[in-house]
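Q: Sequence and computational prediction follow.
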There are 2 protein chains.
Amino acid sequence: MTRADRARRVAHVLRRQVLRGAFPGGVLPDERALIAEFGASRNTVREALGLLRDEGLVVRRRGVGTVVVGRAYEHPLGELSGLAEVLRRHGAVVNEVREAGVVRPPGSVARRLGLAEGSPAVYLERLRRVDGAPLSLDCTYLIPEVGEPLLARGRDALERQDVFDLIETGVGVRLGRAEVSVQAVVADPATCAVLAMPGGGAVLAVERLTRLADGRPADLEFIHLRGDRLTLHATLDRVRGTGADRSRPA
Amino acid sequence: MTRADRARRVAHVLRRQVLRGAFPGGVLPDERALIAEFGASRNTVREALGLLRDEGLVVRRRGVGTVVVGRAYEHPLGELSGLAEVLRRHGAVVNEVREAGVVRPPGSVARRLGLAEGSPAVYLERLRRVDGAPLSLDCTYLIPEVGEPLLARGRDALERQDVFDLIETGVGVRLGRAEVSVQAVVADPATCAVLAMPGGGAVLAVERLTRLADGRPADLEFIHLRGDRLTLHATLDRVRGTGADRSRPA
């Protein structure tokens, strides 16, 4: 086993502790304590801390030690509330509306939304900030039936309120099930710039297709969440048996 | 709106199509078709394709066009089966056992597993390959009660069988609920090397704490999944109301 392997193992454990906010005051234990905690050599511990520094999760501060940069938010994946509803528990959420209007959606988006080729959709692009810091870029295509009344609520409502909340309370239609896909990608330079991330950083690319209560697709979102600032979280039950459709959470 | 913004929007949609295997034969539509599909300029379409190339999802092949590299697997997140159980539907799964033995776990791992400080745990590190290509690196700490009988099954069983399956059928204990956290990170060089990824690539860092049916923690895993080869997937219901614990999938 190489030292890189040993450092990686230490980093696996430390990374989660950093992201869970496990260190009081955001200061990691000193080198001596980490050596004892992990039963690892000084060099291994240093290399592990170096990995977390490279990921932008911690910095070394002279006279203080290794400190956590910013903080990560836990987002319950099982909860199909809009992101803002969840983040509001953590701080002041502002949705900067970058675009809101009627567009001709790409053909594949139209198909997934059950729209005829060439028919319009409403496009909404918002940057979410929590306590001023960008957290996610949210690009949403809506069927006109839902999107047009949403636009009519005005930019102010879109800045303050969650889309799901606006759809249900403002437009007055009920949402049903959503299909969610989550992928890790290295953010492209334009997305990094919008999210105020260092270049080459990782984001969670989430695609979410939300249906109305009657099953019709209504809302297709492409969400990029800063990997260093957001963790998805779920509690899952063990599913037994085979053959049956097991794609739904138990 | 800048061209980078427009290219990013085209890339959001194309990326998911690539990952969903939406293009027959793995060949993307030609430039002219994409220009029509997205109502975008040639330069925007080229820039969007460039983003996907930079992410290692597609390559340009002379005389063929833009083709998908490898393929991504969808992993149902709602399904708390071991990864191998899911991947077996896609190809031949081999678990390369990189380490299997008794260790003194880091203090924070011992605490999460409900073990006394300084008591041993079983450590298991496996590299999953599907049809020969590395897909995930899976580092598991187990309580001795579960891990020791698992080790006694021998390396061969660990290579062929899923840990959850081995625990339930081999050790004979039933698993209950698991808590899962998912994060996007840029893989460290050692992890990139093990997963045969280009340096600087993104991985899904999954932490999963699995409990026995009686609620005691049994298995703490740190899993790194190649971002370019695996998508997590879930179907979620809209949760209404406030105040209640909404962290479980509906």
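A: Looks like it arrived, so ask away. Nothing here was measured: the structure is a model prediction, and the numbers come from that model. Numbers count the residues shown, from 1 in each chain, chains lettered A, B, ... in the order given.
Q: Verify the stated contact: residue A:12 with residue B:223.
A: No. Because the distance of 9.3 Å does not satisfy CB atoms under 8 Å, residue A:12 is recorded as not touching residue B:223. C-beta here means a position set from N, CA and C on the backbone, and glycine is covered the same way.
Q: May I ask you to confirm that residue A:233 is in contact with residue B:178?
A: No. Under the criterion of CB under 8 Å, residue A:233 lies out of contact with residue B:178, with a separation of 11.5 Å.
Q: Go through stretch A:155-171 and flag the buried ones.
A: Of all the residues in stretch A:155-171, those buried under the rule 16 or more other CB atoms under 10 Å in any protein chain shown are A:157-158, A:161-164, A:166-168, A:170-171.
Q: could you give the mean pLDDT of that stretch?
A: Averaged over stretch A:155-171, pLDDT sits at 84.
Q: With stretch A:114-125 instead?
A: Per-residue pLDDT values over stretch A:114-125 give a mean of 93.
Q: Could you export that stretch as CSV, CA atoms only?
A: Taking only C-alpha atoms (Å, rounded to 0.1, in the frame of the first residue of the first chain), the coordinates of stretch A:114-125 have been written out as CSV:
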residue,chain,number,x,y,z
GLY,A,114,-44.9,16.4,-23.6
LEU,A,115,-45.0,19.5,-25.8
ALA,A,116,-45.4,19.4,-29.6
GLU,A,117,-42.2,20.1,-31.6
GLY,A,118,-41.9,23.9,-32.1
SER,A,119,-44.3,24.9,-29.4
PRO,A,120,-43.2,27.4,-26.7
ALA,A,121,-42.1,26.8,-23.2
VAL,A,122,-41.2,29.2,-20.3
TYR,A,123,-37.5,29.4,-19.4
LEU,A,124,-36.4,30.5,-16.0
GLU,A,125,-32.8,30.8,-14.9
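Q: quick one: contacts of it?
A: Surrounding stretch A:114-125, the residues in contact under the criterion CB atoms under 8 Å, 6 or more residues apart in numbering or on different chains are A:97-105, A:107, A:109-111, A:113, A:137-144, A:146-148, A:150-151, A:158, A:163, A:216-217, B:9.
Q: Selection in ChimeraX covering whichever of these are buried, please.
A: Entered in ChimeraX, the line below selects the buried ones among the contacts of stretch A:114-125, by 16+ other CB under 10 Å:
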select /A:100,103,105,107,109,110,113,137,138,139,140,141,142,143,144,146,147,150,151,158,163,217 /B:9
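Q: how about the helices in chain A?
A: Listed in chain order, the helices of chain A (DSSP state H) span A:3-20, A:31-38, A:42-54, A:83-87, A:107-112, A:144-152, A:155-160, A:163-165, A:189-194.
Q: Can you add distance to chain B and give those back as TSV?
A: As requested, the helices of chain A are arranged in TSV below (distance: least, CB to the nearest CB, whole Å):
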stretch	distance to chain B
helix A:3-20	4
helix A:31-38	5
helix A:42-54	5
helix A:83-87	9
helix A:107-112	5
helix A:144-152	14
helix A:155-160	16
helix A:163-165	8
helix A:189-194	4
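Q: I'm done for today, thanks for sticking with me.
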